[in-house]
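Asks: sequence first, then the predicted structure:
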Amino acid sequence: PLNDGDEAIEMNGKVVHLEEGNIGMACADIDLQSLTRLRRLLELNTGDADMMDRELSHLFAKRGA
């Protein structure tokens with residue numbers, strides 16, 4: 001589980017869409033600690049660590065292109 005402390009996920013980015021109370025954001029910069037926290041949060045919410053690895057690998061491959 002995630003720590004119940006005040007650990008934040010900090011990133012720079014821009015809002016790319018708003019839908020029914022949800023915000024889509026394009027991440028321009030994120031530190032390693034925040035990325036680790038984000039990955040864990042997504043893993044806990046999806047329940048599929050392998051899928052998260054594939055999705056994050058795909059995301060960063062697209063950014064590097």
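Replies: Everything's here; your move. Quick caveat: nothing in here was measured; it's all calculated off a predicted structure.
Asks: going forward, measure contacts and count neighbours with C-alpha atoms only.
Replies: OK.
Asks: need the three-state assignment for the residue nearest the centre of the chain.
Replies: Centroid-nearest residue in the chain: Leu38, 4.4 Å away (criterion: CA atoms, centre = their mean). At Leu38, secondary structure determined by DSSP: H, G, I helix; E, B strand; the rest coil is helix.
Asks: ok, it touching Ile9?
Replies: Yes - Leu38 sits in contact with Ile9 when judged by CA atoms under 8 Å, with a separation of 6.6 Å.
Asks: so Ser34 touches Arg40, yeah?
Replies: No - with contact defined as CA under 8 Å, Ser34 does not reach Arg40; the gap is 9.8 Å.
Asks: for Met25, give the beta-bridge partners.
Replies: Under the criterion DSSP bridges, Met25 forms beta bridges with Val15.
Asks: what ranges do the helices span in this protein?
Replies: Secondary structure of the chain (DSSP state H): helices located at 32-46, 49-64.
Asks: for Ile23, which of those helices is the nearest?
Replies: The closest approach between Ile23 and any of those, judged by CA to CA, belongs to helix 32-46 at 15.5 Å.
Asks: just give the nearest non-adjacent residue to Asp29, would you?
Replies: Spatially, and ignoring its direct neighbours in sequence, Asp29 is nearest to Asn12 (5.1 Å; CA to CA, 6 or more residues apart in numbering).
Asks: contacts only, for that neighbour.
Replies: Applying CA atoms under 8 Å, 6 or more residues apart in numbering, we find Asn12 in contact with Cys27, Ala28, Asp29, Ile30.
Asks: any idea of the pLDDT on Pro1?
Replies: Listed pLDDT for Pro1 reads 55.
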